[in-house]
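> Give the three-dimensional model of this entry:
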Amino acid sequence: MATCPSCDTSDAVANDPGAAPYGNFINYYSFNPPENRLSLIPATLLRDLGYRDGGDEPTLILDVGCNSGELSVALYKHLVQDPEQKSERSTVHLLGFDLDETLVERAQQTNPLHSNISFIQLDITEETNQLQEYLSQQSCSHFHLCLCLAVTMWVHLNHGDLGLLQLLSRLASISHHLLLEAQPWKCYRSAARRLRKLGRSDFEHFKTLKIQGDVAENAREHLERHCGMELIQSFGSTTWDRKLLLFRRR
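Numbering: from 1, shown residues only. Okay, the predicted model is just below:
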């Protein structure tokens, strides 16, 4: 099983410029390329969920914590046939956001599909007005598919148990389907060790977190008990042993 930098405690990795307390690695896709997720996600996913390109209404995808946008673009191309040929006519639109302005600027500059993919700077723990504005512009009340891949741990460490649950609740409230990849607890411990090796203060909430152990299972329980969602499919685990779980609004 491959290891991720957030689960690796070697000095070489600790000194890597990608070390970031909010998960905003400057070189993220060099060690976790898009193929690690795309190999598990069927290219027919949108159609399987009942959405079709070219319809009267748009199909909206939200990528939470998009980093520099490589996965956003690769996923769009994975799910939409011949996107370069039909970018002007496709009704599938993807919005990616990240709290790191530099990463968002890089995503905007390298975006090959401006007609259908957009990137904005946003901290979802603070406000969601921009997301609501985007939905209004598209005349939609919800995103049809929301991606939250390897984001939960960073929100959890920086904003505590309540921050994690609020994140899940917010995403559930604006999504018909949610594809979730939650980091396992071993990555939390390693992330804390790495931060200390860099001489930085520990994560504010790490020692007081009550949600531990199987974080993905805790997330599933919250989504199903409190957010009106249900788990409908698992696409297996990535090379980093993280489950890709698909939820649907009931």
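> contacts and neighbour counts: CA atoms only from here.
Noted.
> My assumption is that residue 66 lies in a helix; please confirm.
No. With DSSP: H, G, I helix; E, B strand; the rest coil as the criterion, residue 66 is assigned coil and is not in a helix.
> So for it, what's the pLDDT?
Looking at residue 66, its pLDDT stands at 97.
> How about residue 83?
pLDDT, residue 83: 63.
> likewise residue 54?
The per-residue pLDDT reported for residue 54 equals 80.
> Could you do residue 197 as well?
pLDDT recorded at residue 197 is 83.
> Likewise for residue 61?
Value for residue 61, per-residue pLDDT: 98.
> For it, which three-state class applies?
What three-state DSSP gives for residue 61 is strand.
> Count the residues that sit near it.
When neighbours are defined as other Cα atoms under 10 Å, residue 61 has 24 of them.
> can you tell me the helix or strand for the residue of the chain most remote from its centre?
Centroid-distance maximum for the chain: residue 199 at 28.0 Å, with Cα atoms, centre = their mean. Assigned by DSSP states H and E, residue 199 falls within no helix or strand.
> so how far is residue 97 from it?
Taking Cα to Cα, to the nearest Å as the measure, residue 199 falls 29 Å from residue 97.
> ok, now which ones touch the residue nearest to residue 119 when sequence neighbours are not counted?
Spatial nearest neighbour of residue 119, chain neighbours left out: residue 96 (4.7 Å); criterion: Cα to Cα, 6 or more residues apart in numbering. By Cα atoms under 8 Å, 6 or more residues apart in numbering, residue 96 lies in contact with 62-66, 69, 72, 117-120.
> Now do the buried residues in the longest strand along the chain.
Taking DSSP state E as the criterion, the chain has its longest strand at strand 229-237. Buried positions in strand 229-237, judged by neighbour count with 16 or more other Cα atoms under 10 Å: 229-231.
> Output those residues as TSV; include the columns pLDDT and distance to residue 110.
Below are these laid out as TSV (pLDDT from 0 to 100; distance: Cα to Cα, whole Å):
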residue	pLDDT	distance to residue 110
229	98	35
230	98	36
231	98	34
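> which one of these is nearest residue 182?
Within the buried residues of strand 229-237, the smallest distance to residue 182 is 14.0 Å, found for residue 231 (Cα to Cα).
> residues contacting that closest one?
For residue 231, the contacting residues are 220, 224, 245-248, by Cα under 8 Å, 6+ apart.
> From residue 161, how far off is it?
21 Å.
> farthest pair in the contacts of residue 96?
Spatially, the most separated pair among those is 65 and 117, at 14.5 Å (Cα to Cα).
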